[in-house]
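Student: How does the following fold in three dimensions:
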Amino acid sequence: MLIIKSKFSPRWWLRNPHLQTIVASKLVKHPQVETKPERLELEDGDFLDLNWSKKSSGAIVCIFHGLAGSIDSAYAKSVFNTLETKGFRPVFMHWRGCSGEPNRLAKSYHSGATDDIHRLVQLVRNRYPDSPVFAVAYSLGANALLKYLGEQQTMCHLDGAVCICPPLVLSVGADKLNSGITRVYQRHLLKAMRQHHEAKRARYPELALPSADKHLNNFWKFDDALTAPLHGFNNVHDYYAQCSARQYLPSIATSTHIIYALDDPFFTEAVIPEESELNNKVVLELAEHGGHVGFIGDTSNNNWLSERIGNVLTELDIS
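Tutor: As a prediction, the model looks like this:
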């Protein structure tokens, strides 16, 4: 493995990690993306909503969003447009229930939901057998993608991957988000998750789903009451233990680039792996600043992160 120091440098007034996180997510505007939607029906009776690039050529890049994200998330629009500009064909996968319509089954998605990643990768490989295929993932999606890469090992059908701000150790993230000012993020995310869950309860009363009551006011409680049992885990401890991606890193056999900010307010530096845990397929790029999926640079260009992702994929592209 190679640990490198990122060249990212924020604007002087955006060195605060919370400003980086909030400005990138809420205040920076990106052009809407023009896509071809597709609903992928699954064997278990559920569906995945995809948004394909309208381009007809170029290496394909599967994009996996973070918790409560969608194609309308700022980082999604940014990377989709940037990748198209650089000659790639992105395809954005909404995790179950995140496209604006509740999914049909009691389960939805979680930090270790690698089955749906595998379904999309298989679809792309079968449909475009001669095209290089890459993946880009953010936060929760990045954790799931790293887990997938570690599970698949040499059987992985991806040519490369870029993972942004993965939690890596879920219990550390749950603790951090339940402390101090970071509870603001926790409240925001849990509100979105409760809304998704309650919308599904209303649409599918036959599922007899438990209520996402407001007393589930931190991730430990929410994941123990809902995420873990709905997805087949014994409890929150079992869920976090099985799905934390750090343990899968040594098994990755696909060229993988991880970008992480040391001041990420969602986690602590305790999640960052030691070099001895990893292998030479993984590059870990560490920035002093950047917040959580922030990385607003020191020029008038607000697109540093997406440009960096595109440049990394260009270096990996073998087409």
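
Student: Next secondary structure after the host helix or strand of Glu198?
Tutor: Assessed by DSSP states H and E, Glu198 sits inside helix 183-203. Using DSSP H and E, the helix or strand that follows helix 183-203 in sequence is helix 219-222.

Student: How many neighbouring residues does the nearest residue to Ala24 once chain neighbours are set aside have?
Tutor: Distance criterion C-beta to C-beta, 6 or more residues apart in numbering; nearest residue to Ala24, sequence neighbours excluded, is Gly294 at 4.2 Å. No exception for glycine: its C-beta is placed from N, CA and C like everyone else's. Gly294: 30 surrounding residues under other C-beta atoms under 10 Å.

Student: same thing with Ile272?
Tutor: Ile272: 18 neighbours (other C-beta under 10 Å).

Student: what's near enough to touch it?
Tutor: Neighbouring residues of Ile272 by C-beta atoms under 8 Å, 6 or more residues apart in numbering: 168, 260, 262, 284, 286.

Student: any chance of these in a markdown table, with secondary structure too?
Tutor: Supplementary listing: those in a markdown table, determined by DSSP: H, G, I helix; E, B strand; the rest coil:
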| residue | secondary structure |
| --- | --- |
| Leu168 | coil |
| Tyr260 | strand |
| Leu262 | coil |
| Leu284 | strand |
| Leu286 | strand |
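
Student: Which single one of those residues is nearest to Asn303?
Tutor: If you rank those by distance to Asn303 using C-beta to C-beta, Tyr260 comes first, at 18.7 Å.

Student: Who is the closest one paired with across the strands?
Tutor: Beta bridges link Tyr260 to Leu286, judged by DSSP bridges.

Student: swap in Gly160?
Tutor: Phe134.

Student: show me where the chain has strands.
Tutor: Under the criterion DSSP state E, strands of the chain are mapped to 2-5, 35-41, 47-53, 60-64, 89-93, 133-138, 160-164, 256-261, 282-287.

Student: Output the ones you listed as a markdown table; include the columns mean neighbour count.
Tutor: A markdown table is the format used below for the strands of the chain (neighbours: other C-beta atoms under 10 Å):
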| stretch | mean neighbour count |
| --- | --- |
| strand 2-5 | 12 |
| strand 35-41 | 12 |
| strand 47-53 | 20 |
| strand 60-64 | 26 |
| strand 89-93 | 24 |
| strand 133-138 | 27 |
| strand 160-164 | 27 |
| strand 256-261 | 25 |
| strand 282-287 | 20 |
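
Student: Next, format these as CSV and append mean pLDDT and distance to Leu305.
Tutor: Shown next, in CSV, are those (pLDDT from 0 to 100; distance: least, C-beta to C-beta, whole Å):
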stretch, mean pLDDT, distance to Leu305
strand 2-5, 92, 16
strand 35-41, 98, 20
strand 47-53, 98, 19
strand 60-64, 98, 13
strand 89-93, 98, 15
strand 133-138, 98, 9
strand 160-164, 98, 7
strand 256-261, 97, 7
strand 282-287, 96, 10
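
Student: Looking at these, which is nearest to Pro102?
Tutor: Set against Pro102 and scored by C-beta to C-beta, the strands of the chain come closest in strand 47-53, at 10.7 Å.
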